[in-house]
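>>> Kindly generate the corresponding structure for this input.
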Amino acid sequence: MFESMSYSIILSLICYIILLVVGFYTYYLFWIVKPPMLVCGNGNICKLIENIEMINENFWPTPWCLESRAQTILASILRGNMVPDINYRREILTLKDGGEVALDWVDNHCNNLSPIVIILPGLTGTSQAEYIKCLVTGGREIGVRCVIFNNRGLAGISLKTPRTYCAANSDDFAEVLNHVSKSNPDVQIGATGISMGGLILGNYLAQEREVAVKKLQAAFFLSVPWNVFEGTKSIESGLNQLLNRYLARAVKKSFKNMHSKVQNLLKEDLTEAFKSNTLREFDSAFTAKHFGYKNVNEYYANATLHKKLHFIHVPLLCLTAADDPFQPFDVIPLKEAKGSKSIAFLITSHGGHIGFLEGLFPTKQEQYISKLFKQYFQAVFFKNHT
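You can find the predicted model right below:
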């Protein structure tokens with residue numbers, strides 16, 4: 001009798017598990033798997049991207065990793081293990097004020113007339129960041145030269161002046177773009193900004209307007225927090241605080257490394273900044289003061305892009321996830337995008353922040369972000385040859 005009861009319990013459990021699996025995959029196939037949402041006006045950007053295949057294809061987020069924070073963290077871990085380090089050609093650029101930045105090039109597969117994409121990494125990212133290597137791999141496949149603009153004090157370059165970098169200041173990028181343009185006359189140039197790198201690039205596009213149009217063929221944003229206030233508020237709530245604290249530690253580590261080498265160079269006392277537990281605390285204690293703002297709110301207001309869309313005239317495609325912890329869906333400037341001739345948003349239902357893992361086993365080197373990067377810039381640079 002007991003054997004019969006045990007067999008019945010086991011059979012019931014198996015049936016229950018099967019029902020759960022079938023139910024989940026039914027939900028997944030009918031409610032999760034869908035093409036990304038495309039939002040744009042009737043301008044040139046829509047004509048530019050109309051033949052990009054991925055826009056009309058379903059996005060299949062990894063079913064066992066749908067949660068936004070899991071996408072954010074696991075994508076970084078998995079890609080970090082999958083994509084090997086890249087052997088860059090390094091160029092040290094001395095800026096007008098005497099500061100130095102490292103420009104890391106991947107161009108040994110191209111000729112002198114091949115198009116160029118300047119890539120701006122995220123908050124503490126450099127050319128060996130896993131998401132950067134994914135994009136570079138995509139660029140290499142379509143014959144595009146990629147150059148990564150590493151911010152001051154990063155990628156092994158010491159500070160030479162008492163100046164670092166921030167999301168609201170695009171002066172260094174402007175110098176880098178001018179240098180790349182002058183060194184490569186008659187060559188098409190694009191730019192890509194990831195997270196904070198997108199804020200820097202976006203502020204350049206909004207400030208320079210028609211000047212930027214003459215220098216850049218197109219731009220691409222990946223997981224950019226358009227509204228810094230709302231993005232900061234989002235990562236200060238719930239479980240998102242774990243991401244906030246992780247990033248705050250990464251920033252402190254990066255700046256401690258800078259400070260240990262140039263203690264007498266930075267005029268600010270970083271004691272309070274190094275006690276920070278959140279990004280807002282660090283920006284309040286250091287970044288805002290370092291760049292001459294009254295307070296952190298003034299800095300965030302200057303860095304924020306969501307009210308500057310009408311100033312951007314360079315064709316710009318923005319990939320973001322509806323569940324990005326750094327960019328709540330309801331504050332993405334979709335209404336403004338519909339009224340713009342230059343900006344298009346591509347929004348996946350899942351993906352987290354620079355995540356976008358897809359498929360049951362997301363272990364292949366070609367990731368969703370690299371495929372879109374590749375298809376977009378192929379449309380930008382080679383539209384007459386496709």
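
>>> what stretches of the stretch 251-386 of the chain score poorly on pLDDT?
Low-confidence segments of the stretch 251-386 of the chain (pLDDT under 70): 259-265, 365, 384-386.

>>> all helices for it, in order.
Secondary structure of the stretch 251-386 of the chain, counting by DSSP state H, counting those that start in this stretch: helices at 279-282, 288-290, 296-303, 334-338, 368-382.

>>> What helices and strands are in contact with the longest one?
If you count contacts as 3 or more C-beta pairs under 8 Å, 6 or more residues apart in numbering; DSSP states H and E, helix 368-382 packs onto helix 44-49, helix 130-141, strand 189-194, strand 218-222, strand 316-321. Where you see a C-beta, it was placed from the backbone N, CA and C, and this is true even at glycine.

>>> Can you lay out those as JSON lines showing mean neighbour count and distance to Leu120?
Formatted as JSON lines, those follow (neighbours: other C-beta atoms under 10 Å; distance: least, C-beta to C-beta, whole Å):
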{"stretch": "helix 44-49", "mean neighbour count": "17", "distance to Leu120": "20"}
{"stretch": "helix 130-141", "mean neighbour count": "23", "distance to Leu120": "10"}
{"stretch": "strand 189-194", "mean neighbour count": "26", "distance to Leu120": "5"}
{"stretch": "strand 218-222", "mean neighbour count": "26", "distance to Leu120": "10"}
{"stretch": "strand 316-321", "mean neighbour count": "26", "distance to Leu120": "13"}
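
>>> Looking at the ones you listed, spot the one closest to Thr363.
Closest to Thr363 of those is helix 130-141 (C-beta to C-beta; 12.9 Å).

>>> Kindly reformat the helices and strands packed on helix 368-382 as CSV containing distance to Ala273.
Shown next, in CSV, are the helices and strands packed on helix 368-382 (distance: least, C-beta to C-beta, whole Å):
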stretch, distance to Ala273
helix 44-49, 40
helix 130-141, 26
strand 189-194, 24
strand 218-222, 28
strand 316-321, 29
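
>>> Of the helices of the stretch 251-386 of the chain, give the one that comes closest to Lys214.
Of those, nearest to Lys214 by C-beta to C-beta is helix 368-382, at 15.6 Å.

>>> Find the centremost residue of this protein, please.
Ile194 (2.2 Å; C-alpha atoms, centre = their mean).

>>> Mind listing the residues bridging to that one?
Ile194 has these beta-bridge partners by DSSP bridges: Leu222.

>>> Surely it touches Ile132?
Yes: using C-beta atoms under 8 Å, Ile194 is in contact with Ile132, at 7.5 Å.

>>> The closest residue to Ile142 other than its chain neighbours and Arg79, how far apart?
Distances taken as C-beta to C-beta, 6 or more residues apart in numbering put Gln378 closest to Ile142, at 4.9 Å, once the chain neighbours are dropped. Computed as C-beta to C-beta, to the nearest Å, the Gln378 to Arg79 distance reads 22 Å.

>>> before we move on, back to that, could I get the helices of the stretch 251-386 of the chain as TSV with distance to Ser349 and mean neighbour count?
As requested, the helices of the stretch 251-386 of the chain are exported to TSV (distance: least, C-beta to C-beta, whole Å; neighbours: other C-beta atoms under 10 Å):
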stretch	distance to Ser349	mean neighbour count
helix 279-282	26	22
helix 288-290	35	20
helix 296-303	27	19
helix 334-338	15	15
helix 368-382	13	22
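
>>> Would you format the ones you listed as a markdown table with distance to Phe311 included?
Converted to a markdown table, the helices of the stretch 251-386 of the chain look like this (distance: least, C-beta to C-beta, whole Å):
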| stretch | distance to Phe311 |
| --- | --- |
| helix 279-282 | 26 |
| helix 288-290 | 23 |
| helix 296-303 | 14 |
| helix 334-338 | 11 |
| helix 368-382 | 21 |
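
>>> Please name whichever of those helices is nearest to Gly98.
Taking the helices of the stretch 251-386 of the chain one by one with C-beta to C-beta, helix 288-290 is closest: 17.0 Å.

>>> Just list what that closest one packs against, helices and strands only.
Going by 3+ C-beta pairs under 8 Å, 6+ apart, helix 288-290 lies up against helix 296-303.

>>> Can you name the residues in contact with the helix it packs on?
166-168, 199, 203, 228-229, 232, 280, 283-284, 287-288, 291, 293 (C-beta atoms under 8 Å, 6 or more residues apart in numbering).

>>> Of the residues you listed, which is the nearest to Gly43?
Asn203 (21.2 Å).

>>> Distance-wise, check the residue lying closest to that closest one once chain neighbours are set aside relative to Leu316.
Of all residues not flanking Asn203 in the chain, Ser170 sits nearest, at 4.8 Å (C-beta to C-beta, 6+ apart). Ser170 sits 15 Å away from Leu316 when distances are taken as C-beta to C-beta.

>>> repeat for Ala168
18 Å.

>>> now swap in Ala218 and tell me
From Ala218 across to Leu316, the span is 7 Å (C-beta to C-beta).

>>> again with Leu78
Taking C-beta to C-beta, one finds Leu78 at 28 Å from Leu316.

>>> Show me where the protein has its strands.
Using DSSP state E, the strands of the chain run over 37-39, 89-94, 100-106, 116-120, 145-150, 189-194, 218-222, 316-321, 343-348.

>>> For the fourth one, which outside residues touch it?
Contacts to strand 116-120, defined as C-beta under 8 Å, 6+ apart, come from residues 132, 135-136, 139, 144-149, 173, 176-177, 180, 184, 187-194, 197-198, 200-201, 220, 377.

>>> before we move on, what about the first one?
For strand 37-39, the external contacting residues (C-beta under 8 Å, 6+ apart) are 55, 322, 334, 337-338, 344-348.

>>> Also the last one?
Taking C-beta under 8 Å, 6+ apart as the criterion, the residues outside strand 343-348 that touch it are 36-41, 45-46, 49, 55, 59, 61, 309, 312, 316-322, 329, 332, 334, 336-337, 356, 368, 372.
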